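*Asks:* Return atomic coordinates for the entry below.
(2 chains)
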Amino acid sequence: SAVISQKPSRDICQRGTSLTIQCQVDSQVTMMFWYRQQPGQSLTLIATANQGSEATYESGFVIDKFPISRPNLTFSTLTVSNMSPEDSSIYLCSERLAGAYNEQFFGPGTRLTVL
Amino acid sequence: SQQGEEDPQALSIQEGENATMNCSYKTSINNLQWYRQNSGRGLVHLILIRSNEREKHSGRLRVTLDTSKKSSSLLITASRAADTASYFCATNSGNTPLVFGKGTRLSVIA
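*Replies:* Sure thing, here's the model as predicted:
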């Protein structure tokens, strides 16, 4: 499996500001995803990060609020824009190789608190 | 939205006992994966079971899959305090992203 790192590991932000989270994978992977985990909840998929093109967002998530970039096969960013306290969550980057039976791995997560 | 449900939502056992967690899902799948998460940290991948497999073992872990009932179970034998965590099942079909269940919070009391 690839080793996944995320920066920052945690942050405390003010309402109305934006935060960009970086995800680095140490080998070329086909598929990268961003998930959100609200306090005490399970993981919800935000979007699939597509290399060189616009991300594919899940219902309830929009590009203006969560812009995503993936300039190459090993790096992606997620921005949480115009934050409110409801955005306080853990944001996790995830990767796997294409194929029906490949394991999917997760980064350590970014714990975001919005005041 | 979540693909399925885990039960129980919370489980508390004594060290040395076995812990069984169940997962149900709604649509056809290619594989089902189990993860562990300690105190809101990153997810640790435990095991993947393919749709054409019925049982899989890894150390103290045993996973079963019943595609006719759209359910899976995770058994942790001889539990330890360090097994205290939240456990999630997740499924996908083809190249779709994983969809997660709600998770089971396991507490192992020493």
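
*Asks:* Chain B contacts on chain A?
*Replies:* A:1, A:31, A:33, A:37, A:41-45, A:48, A:90, A:92, A:94, A:98-101, A:103-109, A:111 (C-beta under 8 Å from any C-beta of the partner chain). Backbone N, C-alpha and C define where each C-beta goes, glycine included.

*Asks:* out of these, which are inside helices?
*Replies:* Under the assignment DSSP state H, the residues of chain A next to chain B contribute nothing to helices.

*Asks:* among those, which ones are buried?
*Replies:* A:31, A:33, A:37, A:42-45, A:48, A:90, A:92, A:94, A:104-109, A:111 (16 or more other C-beta atoms under 10 Å in any protein chain shown).

*Asks:* gap between the residue nearest the centre of chain A and A:Gln22?
*Replies:* Among the residues of chain A, the one closest to the centroid is A:Trp34, at 3.1 Å (C-alpha atoms, centre = their mean). Counting by C-beta to C-beta, to the nearest Å, the gap from A:Trp34 to A:Gln22 is 11 Å.

*Asks:* surely the residue nearest to the centre of chain A meets A:Ser94?
*Replies:* Yes: using C-beta atoms under 8 Å as the test, A:Trp34 is close enough to A:Ser94 to be in contact (7.4 Å).

*Asks:* Identify the contacts common to those two.
*Replies:* Shared contacts of A:Trp34 and A:Ser94, defined by C-beta atoms under 8 Å, 6 or more residues apart in numbering or on different chains, are not found at any residue.

*Asks:* Identify the residue spatially nearest to residue 69, adjacent ones excluded.
*Replies:* By default, I'm working from chain A. Beyond its immediate neighbours in the sequence, the residue positioned closest to A:Ser69 (C-beta to C-beta, 6 or more residues apart in numbering or on different chains) is A:Thr77, lying 4.9 Å away.

*Asks:* let's do chain B instead
*Replies:* B:Ser24 (7.7 Å).

*Asks:* Correct me if wrong: the one you found contacts B:Ser73.
*Replies:* No: if you go by C-beta under 8 Å, B:Ser24 and B:Ser73 don't touch, sitting 10.0 Å apart.
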